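In: Sequence and predicted model, in that order:
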Amino acid sequence: MTFRLQYAAISDVGRVRKDNQDSGYAGPWLLTVCDGVGGAARGDLASSTAVGQLRRLDEPPGEDHDAEHRLELVAGALHRASDRIGDLVDEEPALSGTSTTATVALFDGHRLAMGHVGDSRAYLYRDREISQLTSDHTFVQSLIDEGRISEEDARTHPHRNLILKALDGVHDVDPDLFTVELAESDRILLCSDGASGSLDNARLADILATGSADFAAVELVRASLEAGSTDNVTCIVADVVPATSEDEPPAPLLVGSAAELKRKPRPGTSFFRGHRSGDTGEIEPVAADLLDELPPGVPFAIDTDPETARYAPRAPRQNPWLRRGLAVLGLVGVAWMVGAGVWTWSQHQYYVGEQDGVVTIFRGVQADVPGIDLSHPYETSNVKVDELDAFTARTVQSGIGAADLQEAERTVEHLAANQSTTTTGGG
């Protein structure tokens, strides 16, 4: 059986944030949610740019497009989205530090090809059971995976908003890629952490169990804000239903900062009203002691705004002169260690040569290096070079190598015997 998606999408700025950093897209063949970084780095631009690239995937699958090929399409789109964000930063340096999460579901009539970076989430609701399809790329998730904290602890952890992966145009994109086989009556949920961070799985399942996709999407956003979410909230709900030849594909939906609306709500305006009207419990800024807890190699940045600190794909900038000075010191240190090693090795080498007309054992290496003496006289013999035959004398003057001191001494003894023979023959 071939299926189609019946979907709804909604995004709300929330009751605390002045700008909506989320972007979402729902089409006949593609669902995606992107959550951008806040602050001056323009997370709204990052998320909308990513959605602008990803939405190009919303096309019917070709006949030869198997599951592996669909995953390659998703991975390629995520790389292009990250590259485009990098281009924007190159064009406008003030955007340095901007990034976005991305959760992508590419539909082919039978299954979803999933791509995931960050902590936006995808869920599957089937037979009154909910399962989380994606795994968060966050610091607290790494603690959960290591068994150091529970999922309940993660919801109140002071660093629960610290993300470890995002599309930023700087670092290599390393998405999670997998497929999900679909069945009739499945319900798919893609959402930003404004929803998943406020509603647990039981509450999500309760809402997904009721009403149409439109009703569920609206109720999810409303419930998230009522639960105290201080973030933007974006939810996409899609039902898997049988496809018929008479079906007309529904119109795509673009929500959040990616939507070009003629009339936008003024900053800070939420579509949802309730008894809460202000800060409902924002997390504390990420503390410096977190540096001791981070896994090795994890990029990290600290900012007074938790939303800005939430994404950390760039290391903090340091004084370039200090970096250069440390680099030079490092090179000098390496050169000194290499030189010390060579010198130590050379002091275990010996050869036989001439000094002041006498056969002498030298310690070190017979080599000419301007300004550096690599050898020095170690033992002087009573063998005179001019009393050796011409060939042997030239050989001594050129230097006779030895494996060790004992071999050098045996060479001198041989030369002494040669000297005696030469002297006797001359008499």
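Out: Everything's here; your move.
In: Give me the most central residue, the protein.
Out: Centroid-nearest residue in the chain: His171, 5.4 Å away (criterion: Cα atoms, centre = their mean).
In: pretty sure it is in a helix, no?
Out: No - His171 is assigned coil when assessed by DSSP: H, G, I helix; E, B strand; the rest coil, not a helix.
In: Distance-wise, check it relative to Arg394.
Out: Plainly put, His171 is 65 Å away from Arg394 if you go by Cβ to Cβ, to the nearest Å. Every C-beta, even on glycine, is put in place using the N, C-alpha and C of the backbone.
In: picking up where we left off before, list phi and psi for the residue nearest to the centre of the chain.
Out: phi -90, psi 160 (degrees, to the nearest 10).
In: Now do the same for it: its pLDDT.
Out: Per-residue pLDDT puts His171 at 91.
In: Asp389 now?
Out: 81.
In: Start at 654, not 1
Out: Sure, I'll start numbering at 654, so the last one becomes Asp1042.
In: what's the distance between stretch 720-728 and the middle of its chain?
Out: 21 Å (Cα atoms, centre = their mean, to the nearest Å).
In: Same question for stretch 706-715.
Out: 26 Å.
In: and if you look at stretch 844-852?
Out: Put simply, stretch 844-852 sits 23 Å off its chain's centre (Cα atoms, centre = their mean).
In: Could you do stretch 1019-1036 as well?
Out: Offset of stretch 1019-1036 from its chain centre (Cα atoms, centre = their mean): 55 Å.
In: now do the same end-to-end measure for that stretch.
Out: Its first and final residues considered, stretch 1019-1036 spans 20 Å by Cα to Cα, to the nearest Å.
In: buried ones in it?
Out: Buried residues in stretch 1019-1036, counted by 16 or more other Cβ atoms under 10 Å: Gln1019, Leu1027, Ser1028, Ser1034, Val1036.
In: now do stretch 688-705
Out: Using 16+ other Cβ under 10 Å as the test for burial, stretch 688-705 gives 688-692, 694-705.
In: Next: stretch 822-838.
Out: In stretch 822-838, counting by 16+ other Cβ under 10 Å, buried: Gly822, Val823, Val826, Pro828, Leu830, Thr832, Val833, Leu835.
In: May I have the residues that are in contact with the fifth one?
Out: Read that as Leu830. By Cβ atoms under 8 Å, 6 or more residues apart in numbering, the contact set of Leu830 is Leu724, Val727, Ala728, Ala766, Met767, Gly768, His769.
In: Also the fourth one?
Out: Taking Cβ under 8 Å, 6+ apart as the contact definition, Pro828 lies against Val727, Ala728, Leu731, Ala755, Gly768, His769, Val770.
In: ok, Val669 to Ser882 distance?
Out: Distance from Val669 to Ser882, counting by Cβ to Cβ: 9 Å.
In: Actually, Asp859.
Out: Counting by Cβ to Cβ, the separation of Asp859 from Ser882 is 17 Å.
In: circling back: so which of the buried residues of stretch 1019-1036 comes closest to Thr791?
Out: Leu1027 (57.7 Å; Cβ to Cβ).
In: Could you find the closest non-adjacent residue to that closest one?
Out: Val1018 (4.5 Å; Cβ to Cβ, 6 or more residues apart in numbering).
In: my guess is that neighbour meets Asp1026, correct?
Out: No - the pair Val1018 / Asp1026 is not scored as a contact, 10.1 Å apart, by Cβ atoms under 8 Å.
In: tell me the domain ranges of the protein?
Out: Per automatic domain parsing, the structural domains of the chain span 656-914+922-963, 1001-1079.
In: weakest of those domains by average pLDDT?
Out: domain 1001-1079 (a mean of 80).
In: coming back round to it: out of the contacts of Leu830, give me the one that has the most neighbours.
Out: Taking other Cβ atoms under 10 Å as the neighbour criterion, Gly768 ranks highest of the contacts of Leu830 with 28 neighbours.
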